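**Student:** need a structure here:
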Amino acid sequence: MLDKPLKDSEIATDIAVPRDATLGFVGHVETPWTRREDCPKQGRHDGPDCAIVLTPPWDAALAGIERFETLEVYLWFHLARRDLLVIDPSHGGGPRGVFALRSPVRPNPIAVSTVKLVARQGNRLIVRGLEAVNGTPLIDLKPGRCPRS
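**Tutor:** Okay, here's the model as predicted:
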């Protein structure tokens with residue numbers, strides 16, 4: 001989204017960037033954050049309960065997920081700019097290339113979060129540790145490395 005003017009030290013490309021990839025969303029997340037500015041920069045496992053909601057038929061793919069304490073969540077940051085090459089982050093440190101930052105601003109705004117699985121409620125997973133705006137599309141889920149004991 002081209003909603004903010006560039007800072008003097010930032011660089012954008014004028015190449016046409018696609019608004020979607022050839023992948024399908026399998027659900028979305030429900031979080032307390034309605035604006036990007038309100039999202040935490042990094043999710044915390046002691047943060048608020050959030051939900052990952054799988055759309056049928058993908059909810060059937062959750063079979064056995066309860067065995068894991070953590071999940072890797074792959075999201076499509078649909079509200080992020082995709083044209084910046086160099087960013088001057090608000091947290092300081094001077095201008096850097098987007099590949100040298102964890103910013104959601106990137107050519108393909110794919111985000112990865114490791115979340116704590118609290119509970120499964122049908123097609124909904126209650127988790128802690130998300131860092132996304134309410135309604136962010138879900139690309140994929142993978143179980144964490146260690147199953148519950």
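**Student:** by neighbour count, which bits of the longest strand seen in the chain are buried? Give me those.
**Tutor:** Looking across the chain with DSSP state E, the single longest strand is strand 110-121. Of the residues in strand 110-121, Ile110, Ala111, Ser113, Val115, Lys116, Leu117, Val118 count as buried by neighbour count, 16 or more other CB atoms under 10 Å. Bear in mind the C-beta positions are built from the backbone N, C-alpha and C, glycine included.
**Student:** and it, what does it pack onto?
**Tutor:** strand 49-54, strand 70-76, strand 124-128 (3 or more CB pairs under 8 Å, 6 or more residues apart in numbering; DSSP states H and E).
**Student:** centre of the chain to it, how far?
**Tutor:** Relative to its parent chain, strand 110-121 has a centroid offset of 10 Å by CA atoms, centre = their mean, to the nearest Å.
**Student:** quick one: strands adjacent to it?
**Tutor:** strand 70-76 (antiparallel), strand 124-128 (antiparallel) (DSSP bridges).
**Student:** reformat the helices and strands packed on strand 110-121 as CSV; add distance to Pro32, mean neighbour count and mean pLDDT.
**Tutor:** Formatted as CSV, these follow (distance: least, CB to CB, whole Å; neighbours: other CB atoms under 10 Å; pLDDT from 0 to 100):
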stretch, distance to Pro32, mean neighbour count, mean pLDDT
strand 49-54, 7, 20, 97
strand 70-76, 16, 20, 96
strand 124-128, 12, 20, 97
